[in-house]
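1. No sequence on hand, only this structure:
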């Protein structure tokens, strides 16, 4: 099954729509696919833009919450700097020199700034609900820590060392809680930011794959569409072309198979119709031609018999074999004999031509001496040439001696060419006969210095009853000699052609594939 | 030719369908990952007490990030070298004469973890084995981070504690 014979291609061909409609649908389909890619690209760009915007907001929040956590960490570190003297009763290290109350005041100062920093005004943006809840929690814890710190500062002077430690621990616990809340908020936002960045990377990869995948799919669909549609047209065109070529070479035996239900289907049907009609006409012509050839062959044979009697008896009378004839009678008898011979020659040519056309000629291929055959031919026309004052030469190639061909038919052709040359070469002219072997062929050329043949006549003279203007004027010849020569040579697988120019003579060449022995 | 074409088209469509799929977050796996983080951070507390109780300074130092800080009242150690020196010279728990064991009651530990960062707070009690008494009690507030896939202490602040529940 060829490329254009696939089931899909044939199915598309069977769609009952015009080629124009199919092409329009294919074009619109391709445009739709391109638009689909464009829409997908816009969607991908839009999603990417949304993610970038979300990432920007997250980064802004992460930065603000990290700053907030820095403040709570600072408070925790301040409290750690000097936990109070009673701390060292259970933690045996040297206490710092900075007074504890100074640290507590610094913590209170930092706490005073922390509260406003958790509000939208301090943050510079409106936090989402979950963040707002945590920020409120931080604010409440900060307020509780501030209250405890103020109480701690107030009681620092009065409380016994053993009573101060639980309060300081409570303060530190609140500080740890405050720092933990801020750290969790900041860390959660940072984690969300990093997750979004990772998601962006994944989304980019998946959307790129989606885009590439869809683009490949669209390209494949477009190629498939183009492939199927083009082959649904090209396949039938090729089959129709192949059938037309067969018809042109005379083969009317087949039919073209085009399943299309469009213009090509109609074209295929018309080609089949034309094929059938041509076959019918060809058969009729062949029958008529055969009948004609058979008729001519029979008629020629029937004509020759009485003609031989007419010529023979006229010659007997002319030769005074049956009694004396006067001059006038002798002149009339010469006319009868001359006209009879011309008619006999015409009948013989017609008979030969008819036999060739009727396929009744059987070749007798055998080795013969080409040189001797040419010499005999030259001898046959030598007297006439001499009478006309025309020189006749033979130049036979010694390398071409024995040739395998039908000697009698070939001799008939050579004599015909020589007769024509003698007939048309004026007094003082020359006729040259030569033989040679060229490219595996045996070639015999008959060149004369006659009037030449116009280019327009060089093909026509090989057809039946076709002569040059000069030949027709001469009224000597049947117009069948060259046609018969051509048939006899081609029957042997050879060729015959002429090279000529008006006023510069003619050269007829016969080429036969005869094996040189 | 037709088979080749069909295979090609099917292949392209499969690639297209595969490209349409996208990785989406799985709540179960996220919960599991968070639990794993909590466990890894709680291991820092366990190893901290194992290091102080066994006086294993190398185990202790394996818990800190390279640029970690450790703050006790009045002073801050920066980097692992200073922290190592702190534990060896300032901490009674690492002194050869002391036979102390430290621990944290399970309910006195708090952990948060978000992404690659988190917090760890615990109170710890040091017992003198010889005297069978609590000799030190304090808190440790830590910021932790996942570095190269492992949770480590990046900042530690020692604070006051109470023996109350």
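-> Nice, I can see it. As the structure is a computational prediction, the values presented were derived from the model and not from experiment.
2. Could you pull out the strands in chain A for me?
-> All strands of chain A, identified by DSSP state E, fall at A:365-369, A:391-395, A:402-406, A:430-438, A:441-448, A:495-500, A:506-512.
3. same for the third one, what does it pack against?
-> Where contact means 3 or more CB pairs under 8 Å, 6 or more residues apart in numbering or on different chains; DSSP states H and E, strand A:402-406 is packed against strand A:365-369. From N, CA and C alone the C-beta is placed, and that goes for glycine too.
4. and the closest residue to chain B within the stretch 101-250 of chain A, how far is that from residue B:29?
-> With CB to the nearest CB as the measure, residue A:191 is the residue of the stretch 101-250 of chain A nearest to chain B, at 2.5 Å. Separation of residue A:191 from residue B:29 (CB to CB, to the nearest Å): 15 Å.
5. of these two, who's got more company?
-> Set side by side, residue A:191 and residue B:29 show more neighbours around residue A:191, with 17 against 9, by other CB atoms under 10 Å in any protein chain shown.
6. Let me see the contact set for that one.
-> B:114, B:115, B:116, B:117 (CB atoms under 8 Å, 6 or more residues apart in numbering or on different chains).
7. So which of those residues would count as near chain A as well?
-> For chain A, the contacts drawn from the contacts of residue A:191 by CB under 8 Å from any CB of the partner chain are B:114, B:115, B:116, B:117.
8. can you tell me how far the last one sits from residue B:144?
-> In other words, residue B:117. From residue B:117 across to residue B:144, the span is 7 Å (CB to CB).
9. same check, this time on the first one
-> Using CB to CB, residue B:114 is found at 11 Å from residue B:144.
10. So for these two, which residue has more residues nearby?
-> Neighbour totals were compared for residue B:114 and residue B:144, and residue B:144 leads with 27 against 21 (other CB under 10 Å).
11. Dig out what the more buried one forms beta bridges with.
-> Beta-bridge partners recorded for residue B:144 (DSSP bridges): residue B:118, residue B:153.
12. so it makes contact with residue B:121?
-> No - using CB atoms under 8 Å, residue B:144 makes no contact with residue B:121, being 10.6 Å away.
13. Just list the residues touching the closest residue to residue A:336 other than its chain neighbours, thanks.
-> Nearest non-adjacent residue to residue A:336, counting by CB to CB, 6 or more residues apart in numbering or on different chains: residue A:314, 4.7 Å away. Counting by CB under 8 Å, 6+ apart, residue A:314 touches A:333, A:336, A:337, A:340.
14. Could I get the buried residue list for stretch A:286-305?
-> A:293, A:296, A:297, A:300, A:303, A:304 (16 or more other CB atoms under 10 Å in any protein chain shown).
15. What pLDDT is listed against the residue nearest to the fifth one when sequence neighbours are not counted?
-> Going back to what we said before, that points to residue A:303. Spatially, and ignoring its direct neighbours in sequence, residue A:303 is nearest to residue A:347 (5.0 Å; CB to CB, 6+ apart). Residue A:347 carries a pLDDT value of 81.
16. Over to residue B:39?
-> With respect to pLDDT, residue B:39 scores 95.
17. how deep is it tucked in, by neighbour count?
-> Residue B:39 has 12 neighbours, counted by other CB under 10 Å.
18. Next: residue A:321.
-> Residue A:321: 9 neighbours (other CB under 10 Å).
19. Check residue A:206 too.
-> So residue A:206, with other CB under 10 Å, has 17 neighbours.
20. all strands of chain B, in order?
-> So, for chain B - with DSSP E - the strands run B:64-72, B:75-78, B:100-103, B:109-114, B:117-128, B:133-147, B:150-159.
21. and the ones you listed as CSV, adding mean pLDDT?
-> Formatted as CSV, the strands of chain B follow (pLDDT from 0 to 100):
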stretch, mean pLDDT
strand B:64-72, 94
strand B:75-78, 91
strand B:100-103, 92
strand B:109-114, 92
strand B:117-128, 92
strand B:133-147, 91
strand B:150-159, 94
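22. wait, which of those is closest to residue A:359?
-> Of all the strands of chain B, strand B:133-147 sits nearest to residue A:359, with 103.3 Å by CB to CB.
23. what angle separates that closest one from strand B:150-159?
-> 140 degrees (axes from the mean of the first three to the mean of the last three CA atoms, to 10 degrees).
24. Counting neighbours, which bits of strand B:133-147 end up buried?
-> Buried, per 16+ other CB under 10 Å, within strand B:133-147: B:135, B:136, B:137, B:138, B:139, B:140, B:141, B:142, B:143, B:144, B:145, B:146.
25. Could you report the separation of the residue nearest to residue A:80 when sequence neighbours are not counted from residue B:72?
-> Leaving aside its sequence neighbours, residue A:80 sits nearest to residue B:157 (CB to CB, 6+ apart; 4.5 Å). Distance from residue B:157 to residue B:72, counting by CB to CB: 8 Å.
26. who has more neighbours, the two?
-> Comparing residue B:157 with residue B:72 by other CB under 10 Å, the one with more neighbours is residue B:157, at 26 against 22.
27. which residues does that one form a beta bridge with?
-> Assessed by DSSP bridges, residue B:157 has beta-bridge partners residue B:71, residue B:141.
28. circling back to that earlier point, can you lay out the contacts of residue A:191 as JSON lines showing distance to residue A:379?
-> Converted to JSON lines, the contacts of residue A:191 look like this (distance: CB to CB, whole Å):
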{"residue": "B:114", "distance to residue A:379": "126"}
{"residue": "B:115", "distance to residue A:379": "122"}
{"residue": "B:116", "distance to residue A:379": "121"}
{"residue": "B:117", "distance to residue A:379": "126"}
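29. Looking at those, which is nearest chain A?
-> Closest approach between the contacts of residue A:191 and chain A, by CB to the nearest CB: residue B:115, at 2.5 Å.
30. Go ahead and confirm the closest one touches residue A:198.
-> No - look at residue B:115 against residue A:198 with CB under 8 Å: they stay out of range, at 10.1 Å.
31. What residues does residue A:225 make contact with?
-> A:26, A:29, A:30.
32. Which ones among those also lie next to chain B?
-> Checked against chain B using CB under 8 Å from any CB, the contacts of residue A:225 yield no neighbours at all.
33. Mark which of those are buried, thanks.
-> residue A:26.
34. Quick one: mark the members of the contacts of residue A:225 that sit in helices.
-> Residues of the contacts of residue A:225 located in helices (DSSP state H): A:26, A:29, A:30.
35. quick one: contacts for the closest residue to residue A:264 other than its chain neighbours?
-> Nearest non-adjacent residue to residue A:264, counting by CB to CB, 6+ apart: residue A:236, 4.3 Å away. Residues near residue A:236 by CB under 8 Å, 6+ apart: A:4, A:13, A:258, A:260, A:264, A:265, A:267, A:268.
36. how far away is residue A:236 from residue A:25?
-> From residue A:236 over to residue A:25 (counting by CB to CB), the distance is 18 Å.
37. Residues touching stretch A:137-155, excluding its own?
-> A:68, A:72, A:75, A:101, A:104-105, A:107-108, A:111-112, A:114-115, A:118-119, A:164, A:167-168, A:170-171, A:174-175, A:177-178, A:181-182, A:185.
38. swap the cut-off to 7 Å and go again
-> Contacts with stretch A:137-155, where a contact means CB atoms under 7 Å, 6 or more residues apart in numbering or on different chains, come from A:101, A:104, A:107-108, A:111, A:114-115, A:118, A:167-168, A:170-171, A:174-175, A:177-178, A:181-182.
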